[in-house]
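In: Could you work out the structure for the sequence below:
(one chain, ligands or ions: 4)
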Amino acid sequence: MVLVDRFGRPVTNLRISLTSECNLKCFYCHREGQDFSFREMTPEEIERIVRIASKLGIKKVKLTGGEPTIRKDIVEIVRRIRPYVEDLSMTTNGTTMKTLAEPLKEAGLDRVNISLDTLDRKKYKEITGFDVLPQVLEGIEKAIKLFHPVKLNMVVMRGLNDDEIWDMINYAAQKKAILQLIEIEVPREMENSWFFKKYFYPLKPLEEKFEELAVEIRERKMHRRRKYFIPTEYGIAEVEVVRSMHNTVFCANCNRIRLTSTGHLKTCLLRKNDLIDIVTPIRNNASDEELIEIFKKAVLMREPYWK
Ligand SMILES: Nc1nc2c(ncn2[C@@H]2O[C@H](COP(=O)(O)OP(=O)(O)OP(=O)(O)O)[C@@H](O)[C@H]2O)c(=O)[nH]1
Ligand SMILES: C[S@@+](CC[C@H](N)C(=O)[O-])C[C@H]1O[C@@H](n2cnc3c(N)ncnc32)[C@H](O)[C@@H]1O
Ligand code: SF4
Ligand code: SF4
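Out: Ligands and ions are numbered 1, 2, ... in the order given. Have a look, this model is predicted:
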């Protein structure tokens with residue numbers, strides 16, 4: 001059984017924010033579309049929600065945040081949800097990977113995405129507020145030894161790191177990691193903000209260049225994102241482009257539902273007023289059937305953001 005929304009989109013992925021807290025302060029952070037909050041779900045509650053989700057056809061779970069690895073019980077959370085999922089991945093800033101990669105692997109995590117916007121220490125501090133690039137690079141080395149694939153997330157920003165795109169492509173090829181080049185994304189109401197106007201760097205022209213250079217191009221089901229296999233002096237680099245702004249194809253192929261760190265199902269990253277509380281019913285002893293109904297209600301509320 002798979003739940004399908006009113007727009008014909010099957011819901012096969014669950015993206016769970018484990019905490020709204022973070023040990024970095026990236027100035028562009030969308031915080032997965034949620035506000036800062038102290039309420040968090042327990043590992044037992046997360047396990048129960050994932051178990052219900054798996055009955056409804058959800059096969060892939062992504063753990064995110066805030067920074068998911070600052071939760072003290074992160075290894076327990078991974079261990080608990082592992083049995084219910086085909087693909088269990090995490091997106092992290094990499095600051096804790098040096099010590100946590102091994103226990104996370106042992107607990108059953110399949111793969112990690114690590115955010116890395118720049119290879120320049122000063123710029124890294126400018127973007128994230130903290131001088132921890134060497135620590136993150138060590139974390140990436142460790143992760144690459146244990147996980148496959150490791151994806152590196154680079155949010156491309158005009159005048160800030162757009163001159164590093166090719167360095168990052170070479171770095172990814174050298175490390176045998178996948179590079180995700182990401183456009184800054186904001187909700188409609190922020191498109192006129194100084195921040196978006198200053199830093200938005202459209203990736204479409206670059207994709208056109210990749211089309212010429214690539215020895216192979218693949219299209220993913222999710223968001224119909226394209227992957228380009230680009231020759232470099234370090235071998236073939238695998239580069240995925242995440243271009244979401246005003247991209248109707250991206251939203252038409254969105255198969256994710258979200259769970260906020262406060263225990264609300266959320267239908268879309270960029271939408272407002274789309275939260276459905278699932279953890280309060282759990283705390284009030286709701287049955288599995290009642291929780292299934294909450295999931296169904298959330299799926300019916302889903303709609304593409306850009307359409
Ligand atoms: N608009 C939008 N952006 C998303 C969505 N999912 C991920 N993103 C963005 O895509 C970028 C990469 O996100 P990750 O957390 O690494 O996950 P992912 O690449 O989507 O997932 P995998 O490829 O399965 O590892 C980030 O900038 C996210 O904000 C989504 O459903 N909608
Ligand atoms: C919100 S973070 C949470 C996980 C973890 N703290 C990290 O940074 O990887 C998830 C991903 O979203 C990306 N991201 C954050 N704000 C963004 C924005 N405004 N536009 C595009 N991507 C963004 C980050 O670079 C990161 O790769
Ligand atoms: S590390 Fe992740 S959650 Fe933390 S501020 Fe940066 S993008 Fe946001
Ligand atoms: S509908 Fe579009 S903006 Fe919303 S979560 Fe899905 S892909 Fe992202």
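In: The strand or helix carrying V61 - which strands sit beside it in the sheet, and in what orientation?
Out: Here V61 sits within strand 60-64, counting by DSSP states H and E. Partners of strand 60-64 in the sheet, by DSSP bridges, are strand 13-17 (parallel), strand 87-92 (parallel).
In: quick one: the last one near ligand 3?
Out: No - remark: strand 87-92 sits outside contact range of ligand 3, by CB under 6 Å from any ligand atom, the gap being at least 7.8 Å. Yep, even glycine has a C-beta here, placed from its N, CA and C like the rest.
In: Residues contacting that strand, please?
Out: Residues from elsewhere that reach strand 87-92, judged by CB atoms under 8 Å, 6 or more residues apart in numbering: 59-64, 67-69, 78, 81-82, 104, 108-115, 153.
In: same thing with stretch 272-283?
Out: 41, 45, 48-49, 187, 259-260, 262-268, 290-291, 294-295, 297-298, 301.
In: before we move on, the earlier item: when you scan the strand holding V61, is anything in it near ligand 2?
Out: Yes - for a cut-off given as CB under 6 Å from any ligand atom, strand 60-64 has contacts with ligand 2, namely T64.
In: what does that strand rub up against?
Out: When contacts are taken as CB under 8 Å, 6+ apart, the neighbours of strand 60-64 outside the stretch itself are 12-18, 32, 50, 53, 77-78, 81, 84-91, 256.
In: same check, this time on stretch 235-251
Out: By CB under 8 Å, 6+ apart, the residues outside stretch 235-251 that reach it are 149, 151, 169-170, 172-174, 176, 178-186, 200, 202-204, 206-207, 210, 215, 220, 223-231, 304-307.
In: residues of it that come out buried?
Out: Of the residues in stretch 235-251, those scored as buried under the neighbour-count criterion (16 or more other CB atoms under 10 Å) are A237, E238, V239, E240, V241, V242, R243, S244, M245, N247, F250, C251.
In: Ends of that stretch, what's the gap?
Out: End-to-end span of stretch 235-251 (CA to CA, to the nearest Å): 33 Å.
In: do that stretch and ligand 1 meet?
Out: Yes - against ligand 1, stretch 235-251 shows contacts by CB under 6 Å from any ligand atom at V242, S244.
In: What's the mean pLDDT across that stretch?
Out: In this model, stretch 235-251 has a mean pLDDT of 97.
In: Share the number of residues neighbouring the residue nearest to V150 when sequence neighbours are not counted, please.
Out: Once its chain neighbours are removed from consideration, V150 has its nearest residue in A177; the separation is 4.6 Å (CB to CB, 6 or more residues apart in numbering). For A177, the neighbour count with other CB atoms under 10 Å is 24.
In: And K307, by the same measure?
Out: The burial count assigned to K307 is 8, neighbours taken as other CB under 10 Å.
In: That one is in contact with C268, isn't it?
Out: No - using CB atoms under 8 Å, K307 is not in contact with C268; the gap is 11.2 Å.
In: what about the residue in the stretch 151-300 of the chain positioned nearest to ligand 2, distance to N23?
Out: For the stretch 151-300 of the chain, the nearest residue to ligand 2 under the criterion CB to the nearest ligand atom is N153, separated by 3.5 Å. Distance from N153 to N23, counting by CB to CB, to the nearest Å: 17 Å.
In: any idea where the helices of the stretch 1-150 of the chain begin and end?
Out: 43-55, 74-81, 97-107, 121-128, 133-146 (DSSP state H, counting those that start in this stretch).
In: that older thread, buried ones only from the contacts of strand 60-64, please, as a PyMOL command.
Out: Only the buried members of those end up in this PyMOL selection, burial being decided by 16+ other CB under 10 Å:
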select buried, resi 12+13+14+15+16+17+18+32+50+53+77+78+81+84+85+88+89+90+91+256
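In: filter the contacts of strand 60-64 down to the ones close to ligand 2.
Out: By CB under 6 Å from any ligand atom, the members of the contacts of strand 60-64 lying near ligand 2 are E32, T91.
In: Who does the most centrally placed residue in the chain form a beta bridge with?
Out: For the chain, the residue lying nearest the average C-alpha position, counting by CA atoms, centre = their mean, turns out to be T91 (5.3 Å). Listed by DSSP bridges, the beta-bridge partners for T91 are N113.
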